[in-house]
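Student: A structural model of the following input is requested.
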Amino acid sequence: MNKNILIKYTAAFVLLSTFLGCVKDQDFSTPNVECTEPSLTVTNTIAQVKEMYTYGSYTVVDTDVVIEGYVVSSDQSGNIYKSISIQDKPENPTSAIKISIDETNLYSKYNVGRKIYVKLKGLAIGYSYGSIQIGKADAGDLGRISSYEINDYIIRSCEEAEIVPKKVTVSELDESMLEMLVEIENVQFKTTDLGQSYANVDNTSTVNRVLESFDANCNLLNEVIVRNSGYSTFKNELLPEGKGSVVAIFSNYYDDYQLYLRDTDDVKFDQARCTYSNVLTPTLTLQEVKDMYTGTMVEFGVDTEYIVEGYVVSSDASGNFENKLILQDKPENPTAGIQILIDKELIFEQYAIGDKVFVKLNKLYMTKNDGVLSVGYPKSTKVTVIDEEAIGSFIYNSGENSEVVPTEILITDIQNEIYQNTLVKVNDVQLVENELGKAFTFFTGNEDATRTLETCNQTTKLSVFTNGNATFTNQLFPKGHGSIIGVLNAYLELRTENDVQFSGAFEMCEVIIPKIMITEVADPINNVNARFVELYNAGDTEINLSGWKLNKYINGATSVSSSPVELSGITIPVGGFVIIAASDYKTVFSDIPEVESTYISGNGDDVYELVDNTGARIDIFGVIGEDGNGTNWEYLDGRAVRNLDIVEPNTVFTISEWTVSSDASNNLISYPNTPKNAPNDFNPNLR
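Tutor: Predicted coordinates:
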């Protein structure tokens, strides 16, 4: 062997032996890394620096200001981006602030617990998204500190401290705690978020999840947003289903408080969840909610706690019930139901048929949209959908599910208010003959449509709605006879095509043409509150007026005035009359009208229109879009009477069918300058 090589091996062996001889029981120790503490003098506290900010874009620091703080954030998981948060003490901090830096992987240099010094001269203190931060002036905005300048402004201390999160409740969170590391106990993710990941699996969008806060008795106290980046390493992980504590950086987006996780190790859910059935107590019934509506929009406000419970009867699994959730008060034999508008797809995945849910109505509004009592956000005179991210703040799934049994009714019952927004089974129905062979909507395309169902020997018709995007929209509507299940409102809406249960053969029905006529319009000169409109059945079949309406058009309007007179619950016999009158009619004429309504206020120039339950016009007095003053149908302080030779209604107003008397000097009418006094100059209930 070469002599030089031998010498090298020998020297190495001696050195190794010497080293091992110094170690007992292989007790290796980490070599000490020398650290020199920066020679800096702290001039201000974090709180004092925050007070330097004056209202505007930012305040540039031009003096030798130095602060110190302890790093509490970490961008290692990617959930916190280009910033570090520092607080003034490792435990029980009194102030904290965010520093905006144009650099990633900051955790490798500014690890959690690391004490740092910040030299603020040349930096800016500004207001960004609702909080005071440290950054760099950038053309009128607060920008990030350049990666090339970090070492000029931020100096590491040798000190590393254990950070103890500040324990708070959600209700205690306020602006003084922004950017602190906090711990909140007795929290769980909202039920509507369960089954979802922390953020979007398919994209990099940031997602809000909601934490609910409870007391020791599982009483729901409050909630707060957890904001998760689509770039975080944990974005694909499913939210934990238990209850426990969360440690996070407390931040905000203007008025919305938010929590930012450093990683999922900060989520420790080791307790059983609280259930909504235990924590939410209804304060009123669905019927009481319905009773609050008196014709104008209901504002639920914030002063009184409004909580209702109900059972889901709708499902958008097949494409119907788009952006709406229908609840009824009981799974069987309900007495009330309501429609809630929500901006959400695949509603059925979170709210299945039969699920018991609670709704907190505070801050919501209620009115009738196209005749259907609906709850949602306000929009002009109607309500619209609740934003998707806010749905969970209003609607809570209890986790309980019951079998929903549809209420069996007949077609003559469909206008009964008790069945509105409830699941019903309408028996003894079939398509009208002229719609046989049609699809639920159309065989091609994706347009919405309705189909009309009938029961033989009944004039009431049932409209069945199908959304053009439903999975069964282009299928043939069954041609048989039987029952149909759906949620009843202005029409019947199906959950699936299987809700049509036509097992019998189609029946040929005798065609019934209702002959309900407007036969007298009265405007007595001596009492405006004795005005009335008379209807007469000139046909040979009694007619159920459920769903029928008397519309009014005032002063030449082309749209129906206010809320028309509803005629549901009235059956008019052959040769019978229906009087719809103002409040003094019963006293003046010693007669009880079938309907008493302030809607009857036509003062000689207003149009009355009679429509059936499908909205089709049956009869009319006057010309829509024309003010009656000076026309051949002006009945000011008088009356208009249908001529006796007219024995059926007319959808087009024809003046030759009428005799008109008025106080007006109008030679176009039958009897001008002929006012009429009640009761002597009128003959209600008589032709």
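Student: need the per-residue pLDDT for D141.
Tutor: D141 carries a pLDDT value of 86.
Student: do you know the pLDDT at the closest residue in space to it that isn't next to it in sequence?
Tutor: Spatial nearest neighbour of D141, excluding adjacent residues (C-beta to C-beta, 6 or more residues apart in numbering): S57 at 6.4 Å. C-betas here are computed from N, CA, C, even on glycine. We have a pLDDT of 76 for S57.
Student: number of residues surrounding T169?
Tutor: 16 (other C-beta atoms under 10 Å).
Student: look up how far Q271 lies from it.
Tutor: 16 Å (C-beta to C-beta, to the nearest Å).
Student: what does K190 give?
Tutor: 16 Å.
Student: looking at the two, which is more packed in?
Tutor: Taking other C-beta under 10 Å, K190 and Q271 do not tie; K190 has more neighbours (18 against 13).
Student: right, and that one touches E212 too?
Tutor: Yes: K190 lies in contact with E212 (C-beta atoms under 8 Å); the separation is 5.5 Å.
Student: what residues are shared contacts of those two?
Tutor: Here K190 and E212 share the contacting residues E223, scored by C-beta atoms under 8 Å, 6 or more residues apart in numbering.
Student: thinking again about what came up before, surely the residue nearest to D141 is in contact with G126?
Tutor: Yes: using C-beta under 8 Å, S57 is in contact with G126, at 6.2 Å.
Student: how long is stretch 52-69 from one end to the other?
Tutor: End-to-end distance for stretch 52-69, by C-alpha to C-alpha, to the nearest Å: 17 Å.
Student: show me where the stretch 501-650 of the chain has helices.
Tutor: 585-588 (DSSP state H, counting those that start in this stretch).
Student: quick one, strands of it?
Tutor: 516-522, 532-537, 543-544, 549-553, 565-566, 571-572, 577-581, 595-596, 607-611, 617-621, 639-642 (DSSP state E, counting those that start in this stretch).
Student: over to the stretch 151-300 of the chain?
Tutor: 154-160, 166-168, 181-189, 207-214, 220-228, 243-253, 256-260, 267-271, 298-299.
Student: tell me the angle the fourth one makes with strand 181-189.
Tutor: Compare the direction of strand 207-214 with that of strand 181-189 by axes from the mean of the first three to the mean of the last three C-alpha atoms, to 10 degrees and you get 90 degrees.
Student: in strand 207-214, what counts as buried?
Tutor: V207, R209, V210, L211, E212, S213, F214 (16 or more other C-beta atoms under 10 Å).
Student: for it, packing partners?
Tutor: Packed against strand 207-214 by the contact rule (3 or more C-beta pairs under 8 Å, 6 or more residues apart in numbering; DSSP states H and E) you find strand 181-189, strand 220-228.
Student: output it as PDB, nothing but the C-alphas.
Tutor: Provided in PDB are the C-alpha atoms of strand 207-214 (Å, rounded to 0.1, in the frame of the first residue of the first chain):
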ATOM      1  CA  VAL A 207     -63.700  29.800  -0.300                       C
ATOM      2  CA  ASN A 208     -65.400  30.800   2.800                       C
ATOM      3  CA  ARG A 209     -66.500  28.100   5.300                       C
ATOM      4  CA  VAL A 210     -68.500  28.900   8.400                       C
ATOM      5  CA  LEU A 211     -67.700  28.000  12.000                       C
ATOM      6  CA  GLU A 212     -70.600  28.000  14.500                       C
ATOM      7  CA  SER A 213     -70.000  28.800  18.100                       C
ATOM      8  CA  PHE A 214     -71.800  27.100  21.000                       C
END
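Student: in which helix or strand does Y377 reside?
Tutor: strand 372-379 (DSSP states H and E).
Student: pull the residues that contact that strand.
Tutor: 290, 293, 297, 299, 324, 338-342, 359, 361, 364-368, 382-387, 420-421, 489-490.
Student: which among the residues you listed end up buried?
Tutor: 290, 324, 338-342, 359, 361, 364-368, 382-386, 420-421, 489-490.
Student: so what's A557 up against?
Tutor: I624, G625.
Student: if we can go back for a sec, any idea which of the helices and strands packed on strand 207-214 is most buried?
Tutor: For the helices and strands packed on strand 207-214, average neighbour numbers computed from mean count of other C-beta atoms under 10 Å are highest in strand 181-189, which has a mean of 22.
Student: which elements pack onto that strand?
Tutor: For strand 181-189, the elements it packs on are strand 166-168, strand 207-214, strand 243-253, judged by 3+ C-beta pairs under 8 Å, 6+ apart.
Student: strand 267-271 and that strand, what's the angle between them?
Tutor: Using the same axes, to 10 degrees: strand 181-189 against strand 267-271 is 50 degrees.
Student: just give me the neighbour total for the nearest residue to I618 once chain neighbours are set aside.
Tutor: Nearest residue to I618 in three dimensions, chain neighbours excluded: L610, at 4.7 Å (C-beta to C-beta, 6+ apart). Neighbour count of L610, defined by other C-beta under 10 Å: 25.
Student: please renumber the chain so that the first residue is 595 from this point on.
Tutor: All right, first residue 595 from here; so that's L1204.
Student: for L1204, list the residues it contacts.
Tutor: Here L1204 is in contact with I1110, I1112, L1129, W1142, K1143, L1144, N1145, R1211, I1212, D1213, I1214, P1243 (C-beta under 8 Å, 6+ apart).
Student: closest one of these to S1156?
Tutor: Ranked by distance to S1156 (C-beta to C-beta), those are led by N1145 at 9.8 Å.
Student: show me what that closest one bridges to in the sheet.
Tutor: Under DSSP bridges, the beta-bridge partners of N1145 are E1203.
Student: quickly note the distance from it to N1207.
Tutor: 13 Å.
Student: same deal with E1251?
Tutor: From E1251 to N1207 the distance is 25 Å (C-beta to C-beta).
Student: more crowded one of these two?
Tutor: Using other C-beta under 10 Å as the criterion, E1251 and N1207 rank with N1207 on top: 21 against 15.
Student: is it true that that one touches W1142?
Tutor: Yes: assessed by C-beta under 8 Å, N1207 is found in contact with W1142 at 5.9 Å.
Student: which residues in the stretch 595-744 of the chain form helices?
Tutor: Under DSSP H, counting those that start in this stretch, the stretch 595-744 of the chain gives helices at 597-615, 640-645, 744-747.
Student: identify the residues contacting the second one?
Tutor: It stands for helix 640-645. Contacts for helix 640-645 (C-beta under 8 Å, 6+ apart): 659, 661, 663, 680-682, 688-691, 714, 719, 726, 728.
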